[in-house]
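[1] Structure, please.
(chains A and B)
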Amino acid sequence: MPCTRSVSLDAQAFLALVHRLAQDGQADLFLSGTDRPDESRCVIGFAPRAELILDEGTTRANIAEFCFEAPGPTLGFISYTFGLGLRGVRSEKSTDFPLGHLKQYGAILEYDLTSGQGEIHGSDGLALDELSTLAHARLDSPPPFSPPPATAVQQSMTRDEYEAGVRKTLEAIRDGQSYQLNLSLRFSRPAPDLDMPGLAMDLWQRHPAAFYALFHSGPLTLLSTSPERFLRVTNGEVLSQPIKGTLHFERYTPGLERQVTESPKESAELSMVVDLIRNDISQHCEYGSVRVEDHKSTFVVDNLVQMYSNVRGRLREESTVIDLLLDAFPGGSVTGCPKRRSMELIEALEPHARDVYCGSFVIIRGKRDMDSSIAIRTCWHDARSKTFSFCAGSGIVVDSDPQKEYRETVAKAEKFLVLGTA
Amino acid sequence: MNAILIDNHDSFSRNLEHLLAARLGHGPQLVSYDDLPNLSPHGRDLIVISPGPGWPGDYPGYGPWIESGVPVLGICLGMQIINEHFGGRTDRLQGCVHGKTEDIVFLGHTRTVARYHSLYCSKLGPDLELTAGNAQGVPMAFRHRTLPVMGFQFHPESFLTDNGGEFIDHALHSFGIA
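    Numbering: from 1, shown residues only, chains lettered A, B, ... in the order given. Next up, the predicted model:
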């Protein structure tokens, strides 16, 4: 019997609750940050009752059936690697990472960071009771996060190799194969006892961003600290917010944004992705509904100024959010343009599998309602190999400087790289 | 109108589809370049050849479509494909341009258009007439002297192009199918 219970939690109590839930391993967290007042919705899935693990054979119909047959939201992720199959790009790389993992839950907590108000709903009475009890308990604040000892970080490419990859990309661009291509590095390090829930809470407080996720997938614990929305659909109204154009700063000064918005290179990068996203949502949007608003808006996250735009459209009556998501996947801001050719080039240039990196975390509520992020600034712990891994990358355009792109890539990985060394 | 848009594995073809839908009043048939051998130009009123990655030589098979007598509009790579068909040449563009606008003079008016290209028509086919170039002389638009064939190097379907639909209207009027 579905039912709804209200809950009121201040910021400290909410932090204590989600930390406890994450530690117990029975909950997946989708958290907004305190950095953007317009993005304050958090969704916690508690007591998973059904799951769909994606592999090469998973079809669109399988995913739609899983998401739409039962009431209640579906939470999870779809990996970049699954996107290779969707776009018809061959990959020779092997991976033991699931191609995606979707779950439904016995109980869901929806919480608004701004108002401090939340609602618990779901179909499993026991899970509802348990979650309500925890939400009303006075839980201890999480202890300070104790990072694991620093261990040597391995990179999928050395600095020289990455810069050579950038130069090869530039040659492909000059040859008309691509206009823009996102080239990434994968980092990994031994981490036998990494406290991922503790890390998640620590980063969430110190580096808030709008699209945090902490998700359990078998031996893997995934943590995304993404600031980027991929696709939101609200009653059929589609919104994508591609980010391009980055400026790293040590100390913020007003007007810094103009260095990004007035840069011809950064503006061109964003414009390309906006045209690409327009294209990608157009397949399932009504004629005449696709438009660009607030071109070259900015926000600040992690000592970076980031530029973005709003691309909007109206979902066609005969299409669902799964059609939209899978046909626009992976997000254009992390592939390149034209997308398929750029993804083929990425497969040849990058020695590593991207796995969840540059895929998406998703909250699917119904055929015309969803939200999703681009899984950048994302790390994961693998209990089998006892390793901690993450990727970072940069968008390469014709006037990119290989050394600068390497520095930008490392800057984006910094909060994971410094773990245990501070 | 029976319009077909042939997609050369591009990521702007759906933008072009929506732009054509806005001008034609209905969407064109959108097909992949891979399906070209299974399709015929006959009975159609308009053929649009999309942009795409790579060189015209990577996309054989357009000859019968361009020669069919059905009006043909080529955008970016599509324009370069038409140009090579009529004996023109394609080369790398020094300082290629992606995601940037430029003002060009088209039909006597200054127009702001979006450019995305690494390659350009370095020599036009003898039967092709330049109708717009940029300040450096890079061909931005041409038409065939006798056939209903037209090419745009810039991207009317980009959100960066002002009133991109007017370029489609111009093509339709020139072809006598508006």
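[2] Okay, the residue lying closest to A:D369 once chain neighbours are set aside and chain B: tell me how far apart.
    Distance criterion CB to CB, 6 or more residues apart in numbering or on different chains; nearest residue to A:D369, sequence neighbours excluded, is A:V233 at 5.8 Å. Backbone N, C-alpha and C define where each C-beta goes, glycine included. Counting by CB to the nearest CB, to the nearest Å, the separation of A:V233 from chain B is 17 Å.
[3] ok, A:V233 touching A:I322?
    No. Counting by CB atoms under 8 Å, A:V233 does not reach A:I322; the two are 10.4 Å apart.
[4] which of these two has more neighbours?
    When neighbours are counted by other CB atoms under 10 Å in any protein chain shown, A:V233 and A:I322 differ, and A:V233 comes out ahead with 28 against 22.
[5] In which helix or strand does the more buried one reside?
    strand A:231-234 (DSSP states H and E).
[6] got the contact list for that strand?
    Under the criterion CB atoms under 8 Å, 6 or more residues apart in numbering or on different chains, residues A:238-240, A:281, A:315, A:321, A:324-325, A:328, A:331, A:368-372 lie in contact with strand A:231-234.
[7] who's in contact with the next helix or strand after it?
    Sequence-wise, the next helix or strand downstream of strand A:231-234 (DSSP H and E) is strand A:237-240. Residues outside strand A:237-240 that contact it (CB under 8 Å, 6+ apart) are A:229-233, A:277, A:280-281, A:285, A:310-315, A:324, A:328, A:331.
[8] if you set the cut-off to 7 Å instead, what comes out?
    A:230-232, A:277, A:281, A:285, A:310-315, A:324 (CB atoms under 7 Å, 6 or more residues apart in numbering or on different chains).
[9] Over to stretch A:221-229?
    A:77, A:196, A:199-200, A:203, A:207, A:209-215, A:241, A:243, A:301, A:306, A:333, A:356, A:361, A:373-381.
[10] For it, which residues meet the burial criterion?
    Buried residues in stretch A:221-229, defined by neighbour count with 16 or more other CB atoms under 10 Å in any protein chain shown: A:221-229.
[11] Dump these into CSV; add pLDDT and secondary structure as well.
    Formatted as CSV, the buried residues of stretch A:221-229 follow (pLDDT from 0 to 100; DSSP: H, G, I helix; E, B strand; the rest coil):
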residue, pLDDT, secondary structure
A:T221, 97, strand
A:L222, 98, strand
A:L223, 98, strand
A:S224, 98, strand
A:T225, 96, strand
A:S226, 95, strand
A:P227, 92, coil
A:E228, 94, coil
A:R229, 97, strand
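[12] Can you work out which other helices and strands pack against the lowest-mean-pLDDT helix or strand in chain B?
    Among the helices and strands of chain B, strand B:89-106 carries the lowest confidence by mean pLDDT, DSSP states H and E, at a mean of 95. Packing partners of strand B:89-106 (3 or more CB pairs under 7 Å, 6 or more residues apart in numbering or on different chains; DSSP states H and E): helix A:264-282, helix B:77-85, strand B:109-123, strand B:128-133.
[13] For B:V48, grab the count of nearby residues.
    Neighbours of B:V48 using other CB under 10 Å come to 24.
[14] Quick check: next helix or strand after the helix or strand hosting A:S132?
    Using DSSP H and E, the element containing A:S132 is helix A:125-136. Sequence order places strand A:154-155 as the next helix or strand after helix A:125-136, per DSSP H and E.
[15] Give the partner strands of that following strand in its sheet and their orientations.
    Here strand A:154-155 has these sheet partners by DSSP bridges: strand A:180-190 (antiparallel).
[16] Contacts for the least confident helix or strand of chain B, please.
    Defining contact as CB under 7 Å, 6+ apart, one finds that strand B:89-106 is touched by A:174, A:179-180, A:264, A:268-269, A:271-272, A:397-398, B:55-56, B:80, B:83-84, B:110-123, B:132, B:134, B:138, B:140-141, B:160.
[17] helices and strands of chain A: which one bottoms out on pLDDT?
    Least confident helix or strand of chain A, by mean pLDDT, DSSP H and E, is strand A:243-248 with a mean of 86.
[18] So, low pLDDT: which residues of the stretch 301-422 of chain A?
    Applying pLDDT under 70 to the stretch 301-422 of chain A flags the ranges A:421-422.
[19] oh sorry, the question was meant for chain B
    For chain B (pLDDT under 70), the answer is none.
[20] 90 instead, please
    The model of chain B has pLDDT under 90 over residues B:95-96, B:178.
[21] interface residues of it facing chain A?
    On the criterion CB under 7 Å from any CB of the partner chain, chain A has as its neighbours in chain B the residues B:9-15, B:17-18, B:21-22, B:27, B:52-55, B:92, B:96, B:98-100, B:116, B:118-119, B:158-160.
[22] Quick check on those: which are buried?
    Using 16+ other CB under 10 Å as the burial test, the residues of chain B next to chain A include B:9-15, B:17-18, B:21, B:52-55, B:96, B:98-99, B:116, B:118-119, B:158-160 as buried.
[23] Filter those down to just the ones in strands.
    Residues of these located in strands (DSSP state E): B:96, B:98-99, B:116, B:118-119.
[24] is it true that A:I173 touches A:V398?
    Yes. With contact defined as CB atoms under 7 Å, A:I173 and A:V398 form a contacting pair (4.9 Å).
[25] Run through the residues of chain A sitting next to chain B.
    By CB under 7 Å from any CB, the residues of chain A that approach chain B are A:173-180, A:264, A:268-269, A:271-272, A:274-276, A:278-279, A:282-283, A:287-288, A:290, A:292, A:337-341, A:397-398.
[26] quick revisit: and of the contacts of strand A:237-240, the nearest to B:M1?
    A:C285 (22.1 Å; CB to CB).
[27] ok, and the closest non-adjacent residue to the closest one?
    Using CB to CB, 6+ apart, the nearest residue to A:C285 is A:G313, at 3.3 Å.
[28] Can you tell me the element the one you found falls in?
    Assigned by DSSP H and E, A:G313 belongs to strand A:304-314.
[29] just so I have it, where are all the strands in the stretch 301-422 of chain A?
    A:304-314, A:336-337, A:360-366, A:369-372, A:378-382, A:387-396 (DSSP state E, counting those that start in this stretch).
[30] Would you reformat those as CSV and include distance to A:E51 and mean neighbour count?
    Shown next, in CSV, are the strands of the stretch 301-422 of chain A (distance: least, CB to CB, whole Å; neighbours: other CB atoms under 10 Å in any protein chain shown):
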stretch, distance to A:E51, mean neighbour count
strand A:304-314, 31, 22
strand A:336-337, 32, 30
strand A:360-366, 14, 23
strand A:369-372, 18, 24
strand A:378-382, 17, 23
strand A:387-396, 22, 25
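[31] Great, nothing more from me.
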